[in-house]
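Trainee: What follows is a predicted structure for the sequence shown.
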Amino acid sequence: MLDSNAVGKEYEPFTFEVDRCKIKELCLAIGDNNPLFFDKNFAKKEGYKDTPVSLTFATLMNFWGYPEIWTKMKEIGIDAKKLLHAGEEYEYFEPIYPGDIIKGFVTVESLRSSDTMDIATFKTTFSRDGKTVLIAHMKIVVILGA
């Protein structure tokens, strides 16, 4: 049973330093061979100051920067062994680059339950130097009775 009192709860912030190798590793893992993420000179020719992070990098920052999310999920009634990933949404306000120190703020955005499944959405606001650069929403589904 999900703890509906957790909606709106903000967890302790975390800090993540963007590493050029992590940008490349993620792109290699997902098969994205866009030179924008690998070649600094190419990125500069495209108008960036360096190789930016790829669009799905927020998920990497969440799980590498805040591994406590698994414990927090359990505390509100989510069984991670029955978890299915239902979606991600990203809203970028500024590019994120290697060397950036990013602060993440995770909030339980919504929780819904039915007889067959629980649905939870987490919002992470990422900031650099106190300014929001990215907002990410992660939706998960937990199959009940499985």
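Mentor: On my side now, so go ahead.

Trainee: these two touch, right, E91 and F126?
Mentor: No - the pair E91 and F126 fails to qualify as a contact (CB atoms under 8 Å) at a distance of 10.2 Å. C-beta here means a position set from N, CA and C on the backbone, and glycine is covered the same way.

Trainee: what's the helix or strand for the residue nearest the centre of the chain?
Mentor: Central residue of the chain (CA atoms, centre = their mean): T59, 3.1 Å from the mean position. Element membership for T59 (DSSP states H and E) is helix 57-65.

Trainee: which outside residues touch the very next helix or strand once past that helix?
Mentor: Helices and strands here follow DSSP H and E; after helix 57-65, the next one along the chain is helix 69-75. Outside helix 69-75, the residues that touch it by CB atoms under 8 Å, 6 or more residues apart in numbering are 3, 6, 11, 62-63, 80, 83, 106, 120, 122.

Trainee: Between E91 and F126, tell me which one has more neighbours.
Mentor: Looking at E91 and F126 with other CB atoms under 10 Å, you find the greater number of neighbours at F126, namely 24 against 12.

Trainee: give me every residue that touches the more buried one.
Mentor: Taking CB under 8 Å, 6+ apart, one finds 58, 61, 96, 102-105, 132-136 in contact with F126.

Trainee: Give me the subset of those residues that lies in strands.
Mentor: 102-105, 132-136 (DSSP state E).

Trainee: From those residues, keep the buried residues only.
Mentor: Buried subset of the ones in strands among the contacts of F126 (neighbour count, 16 or more other CB atoms under 10 Å): 102-105, 133-136.

Trainee: roughly how far out does the longest helix seen in the chain sit from the chain middle?
Mentor: Determined from DSSP state H, the single longest helix within the chain is helix 20-30. Helix 20-30 sits 15 Å away from the centroid of its parent chain (CA atoms, centre = their mean, to the nearest Å).

Trainee: As JSON lines, the ones in strands among the contacts of F126 with distance to L144 and pLDDT would be great.
Mentor: Shown next, in JSON lines, are the ones in strands among the contacts of F126 (distance: CB to CB, whole Å; pLDDT from 0 to 100):
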{"residue": "I102", "distance to L144": "35", "pLDDT": "98"}
{"residue": "K103", "distance to L144": "35", "pLDDT": "98"}
{"residue": "G104", "distance to L144": "29", "pLDDT": "97"}
{"residue": "F105", "distance to L144": "29", "pLDDT": "97"}
{"residue": "T132", "distance to L144": "35", "pLDDT": "98"}
{"residue": "V133", "distance to L144": "36", "pLDDT": "98"}
{"residue": "L134", "distance to L144": "32", "pLDDT": "98"}
{"residue": "I135", "distance to L144": "29", "pLDDT": "98"}
{"residue": "A136", "distance to L144": "26", "pLDDT": "97"}
